[in-house]
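**Q** This is a predicted model, with the sequence first.
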Protein chains: 2
Amino acid sequence: MTTRPSPTAPEEVDYVCGRTRLYGIVGDPITQVRSPEMFTATFRARGLDAILLPLHVMPDDFDVALHGLLALRNLDGLIFTIPHKTRAIRLAHALGEQARVVGAINALARDGSHWKGEIFDGLGCVEAFRRRRIELCGARIMLIGAGGAGSAVGVAIAHQHPAFMRVHDLDRARAESLAAKIAQVSSTTAVEIAPPRIDDIDVLLNVSPAGMLDDARLPLDVDTLPAHLVVFDAIVKPERTPLLQLAQSCGCTTVYGREMMRGQIDRMVDYFTGS
Amino acid sequence: MTTRPSPTAPEEVDYVCGRTRLYGIVGDPITQVRSPEMFTATFRARGLDAILLPLHVMPDDFDVALHGLLALRNLDGLIFTIPHKTRAIRLAHALGEQARVVGAINALARDGSHWKGEIFDGLGCVEAFRRRRIELCGARIMLIGAGGAGSAVGVAIAHQHPAFMRVHDLDRARAESLAAKIAQVSSTTAVEIAPPRIDDIDVLLNVSPAGMLDDARLPLDVDTLPAHLVVFDAIVKPERTPLLQLAQSCGCTTVYGREMMRGQIDRMVDYFTGS
């Protein structure tokens, strides 16, 4: 944000007016979110007079705040982030294919007089692979992490019908729950719950927090990776995680968390605008 | 708003982020309001990372929507326009001087853990006349409209001690209520409640919705206006209302809703930001 006072400031800004359609990201805390600047840029790039706002909602205020927001006739969609993702699903009158299996939403969009909900974390990951022209159908996948984002990624990948998915999470119950969802989505995918192993794998997906921020750990115990391996890391900060650094040094194809985020934004804007 | 798709659009906009503070204008309809672009420019000119949004709230949704909005921790103020001005007063824990007489507010500002309310329309109208050097003291006034904005204008004009004020509203009780307030404010002003008539009038003020948007009606039944008449219309969209078009064609001095708006914006931003 430019926050310097300007003596020659114009009387009107050109980025908001009475016709502007509203979107928001609901979370607590809210100041760290990057969605407002990224989604709003995407709306503008598509020629839409719309803006996505930070909406700071405390956990205790969730019901009152959300009922109020959904009563605004010029608000067309909301994104949910920590700590509201699982709670938001109750607001949707209809759920998308991913949300039904995952049991959570991160986007709520106006659909006539109703609201529809879907979760896009996984779809963003699949979109990133599609843009790189990396085939997931028939592939052998190692997925590390079966929490909120990991489940969404696992379910979305399952919809691409890989030949095999090995799932690992430090919490075995979460891994079992995701494995059951994968089996439900794709009967042609063999599913296994087991610690990370990559000797029989085409695509390695890290959706665990290992390697985030100042965490120097790899999500699996290896010194090297085979060059044919495609390595994806959902972490966006840092952009080049320890895993992706190792993968690059071994000649692997790497797919970044930022690509998943970019893919997710485009799919969510499609969803919001009905395109 | 620029709404052309741009192939070279940046990935992020620079005018909204997670730290942006929110303000809104609450009304129905909402697309005609000009506050978002004007207030937001004023915030920026003062170096504030803040934006004022259009908030379309239907009458039946008022309570639910407003309780939700006031629960947003990053929302610092609201403006109220048609048809919510009189109703909004209940939301204020404390009232300003004008609001106490008028019995309505058009601005609600965060004040610690409470909300304070004041009405600025009337002050903006008087300011517009002052900037044009049109004397209201001793003048003979016809005021059409005694709703929220009409009452505020009537009370603020009364403070200038005109010789005579004729007040009209389709709802006679509203006209009577305003006439009593005018008498309370200025004992030297003769007040009459009567349908619009201008043969004995110096200044005609329209603060009714007649002429708004595609409404081609005049607020009074005339074919022509005397050239000595000063004609003010509080409507901002269209800028040249049917009344102001007729006034100009008859050689009258015209004062625009936009001038009233400009007159009150700085005062309201002071109020919102506690400066």
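**A** Ah, there it is.

**Q** Get me the contact residues on the stretch 101-250 of chain A for chain B.
**A** Within the stretch 101-250 of chain A, no position lies close to chain B (CB under 8 Å from any CB of the partner chain). In this view, the C-beta of every residue, glycine as well, is placed from N, C-alpha and C.

**Q** ok, which stretches of the stretch 101-250 of chain A are helices?
**A** A:121-131, A:148-158, A:172-185, A:242-249 (DSSP state H, counting those that start in this stretch).

**Q** continuing past the last one, what's the next helix or strand?
**A** Heading C-terminal from helix A:242-249, the first helix or strand you meet, by DSSP states H and E, is strand A:253-255.

**Q** tell me what the helix or strand that that next one is followed by is packed against?
**A** Going down the chain from strand A:253-255, the next helix or strand is helix A:257-273, by DSSP H and E. When contacts are defined as 3 or more CB pairs under 8 Å, 6 or more residues apart in numbering or on different chains; DSSP states H and E, helix A:257-273 sits against helix A:35-45, strand A:75-80, strand A:107-111, helix A:121-131.

**Q** Which one of the residues in chain A is closest to chain B?
**A** Across chain A, no residue is closer to chain B than A:Gly68, which sits at 1.1 Å (CB to the nearest CB).

**Q** Poorly predicted segments of the stretch 1-150 of chain A, please.
**A** A:1-10 (pLDDT under 70).

**Q** Try it again at 90.
**A** Counting by pLDDT under 90, the stretch 1-150 of chain A has low-confidence residues at A:1-11, A:32-34, A:81-86, A:103-104, A:147-149.

**Q** Ok, the stretch 151-275 of chain A next?
**A** Those would be A:212-216, A:236-237, A:274-275, if you go by pLDDT under 90 across the stretch 151-275 of chain A.

**Q** returning to that earlier point: what's the most buried one of the helices of the stretch 101-250 of chain A?
**A** Here the criterion is mean neighbour count by mean count of other CB atoms under 10 Å in any protein chain shown, and of these the winner is helix A:148-158, at a mean of 26.

**Q** from what I can see the residue of chain A closest to chain B touches B:Val64, true?
**A** Yes: using CB atoms under 8 Å, A:Gly68 is in contact with B:Val64, at 5.7 Å.

**Q** who has more neighbours, the two?
**A** A:Gly68 (24 against 16; other CB atoms under 10 Å in any protein chain shown).

**Q** and the strand or helix carrying that one, how far out from the chain's middle?
**A** Assessed by DSSP H and E, A:Gly68 sits inside helix A:62-70. The chain centre lies 23 Å from the centre of helix A:62-70; the measure is CA atoms, centre = their mean, to the nearest Å.

**Q** now for that helix, which elements pack on it?
**A** Checked by 3+ CB pairs under 8 Å, 6+ apart, helix A:62-70 has strand A:21-27, strand A:75-80, helix B:62-70 packed alongside it.

**Q** which parts of that helix are buried?
**A** Using 16 or more other CB atoms under 10 Å in any protein chain shown as the test for burial, helix A:62-70 gives A:62, A:64-70.

**Q** okay, those in CSV with distance to A:Leu78 next?
**A** Formatted as CSV, these follow (distance: CB to CB, whole Å):
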residue, distance to A:Leu78
A:Phe62, 12
A:Val64, 15
A:Ala65, 11
A:Leu66, 8
A:His67, 12
A:Gly68, 12
A:Leu69, 7
A:Leu70, 8
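
**Q** CSV for the helices and strands packed on helix A:257-273, including distance to A:Glu176?
**A** Below are the helices and strands packed on helix A:257-273 laid out as CSV (distance: least, CB to CB, whole Å):
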stretch, distance to A:Glu176
helix A:35-45, 32
strand A:75-80, 26
strand A:107-111, 27
helix A:121-131, 18
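
**Q** Next, the contact list for the residue nearest the centre of chain A, please.
**A** Nearest to the mean C-alpha position of chain A, by CA atoms, centre = their mean, lies A:Asp121 at 2.3 Å. Listed by CB atoms under 8 Å, 6 or more residues apart in numbering or on different chains, the contact set of A:Asp121 reads A:106, A:148-149, A:152-153, A:156, A:234, A:260, A:264.

**Q** now A:Ala175
**A** So A:Ala175 contacts A:146, A:167-169, A:193 (CB under 8 Å, 6+ apart).

**Q** which one of these has the most neighbours?
**A** Most surrounded of the contacts of A:Ala175: other CB under 10 Å gives A:Ala146, at 28 neighbours.

**Q** wait, that one sits on A:Lys181?
**A** No: at 9.4 Å, A:Ala146 does not count as touching A:Lys181 under the criterion of CB under 8 Å.

**Q** which residues are common contacts for these two?
**A** A:Gly154.

**Q** in stretch A:250-269, what counts as buried?
**A** A:250, A:252, A:254-257, A:259-269.

**Q** Could you export stretch A:34-49 as CSV, CA atoms only?
**A** C-alpha atoms of stretch A:34-49 as CSV (Å, rounded to 0.1, in the frame of the first residue of the first chain):
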residue,chain,number,x,y,z
ARG,A,34,-2.3,-12.1,0.7
SER,A,35,-5.6,-12.9,-0.9
PRO,A,36,-6.9,-9.3,-1.1
GLU,A,37,-4.2,-8.1,-3.4
MET,A,38,-4.0,-11.3,-5.5
PHE,A,39,-7.7,-12.0,-6.0
THR,A,40,-8.5,-8.3,-6.7
ALA,A,41,-5.8,-8.2,-9.4
THR,A,42,-7.3,-11.4,-10.9
PHE,A,43,-10.8,-9.8,-10.9
ARG,A,44,-9.4,-6.7,-12.7
ALA,A,45,-7.4,-8.7,-15.2
ARG,A,46,-10.8,-10.3,-16.2
GLY,A,47,-12.4,-6.9,-16.5
LEU,A,48,-14.6,-7.3,-13.4
ASP,A,49,-15.4,-4.4,-11.1
